[in-house]
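Asker: My questions are about this predicted structure, shown below with the sequence.
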Amino acid sequence: MTKIDEQFMQSVLNIVDIIPFGRVATYGQIAKIIGRPRNARLVGKALGKSGGYGKHPCHRVVTATGRLVPGWFDQQPMLMAEKVPFKDENHVDIKRCQWRGI
């Protein structure tokens, strides 16, 4: 298992911080932007361990299919408050709301 170092964590959070209101990014998209295209899962683990809940808009990060984080019950209402479109209760409409990034 790959260890999450501080530099990787900070790189992920720096990108998360610039995802615009009403948009979402995917784990894979963030991994590509920071130059680690094969580490989408590690991005997810980093966000889960960041302790940045409330400081960083981590709720704006979803899977490539738009699926929300299982068991994170605050994510959907937070995205809905930003008028992010949903396909169903567990998936955002990724085609309509994905941030195109840097």
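Answerer: Yes, it's here. Residues are numbered from 1 along each chain as shown.
Asker: list the buried ones in stretch 58-66?
Answerer: Buried residues in stretch 58-66, counting neighbours by 16 or more other CB atoms under 10 Å, are found at Cys58, His59, Arg60, Val61, Val62, Thr63, Gly66. Quick note: C-beta positions are derived from backbone N, CA and C, even for glycine.
Asker: and what of stretch 28-47?
Answerer: Buried residues in stretch 28-47, counting neighbours by 16+ other CB under 10 Å, are found at 28-34, 36, 39-40, 42-47.
Asker: Ok, stretch 81-97 next?
Answerer: Applying 16+ other CB under 10 Å to stretch 81-97 flags Glu82, Val84, Phe86, Val92, Ile94, Cys97 as buried.
Asker: and of those, the nearest to Gln76?
Answerer: Gln76 has its nearest neighbour among those in Phe86, at 7.7 Å by CB to CB.
Asker: That closest one contacts Ile94, doesn't it?
Answerer: No: counting by CB atoms under 8 Å, Ile94 is not a contact partner of Phe86; they are 10.3 Å apart.
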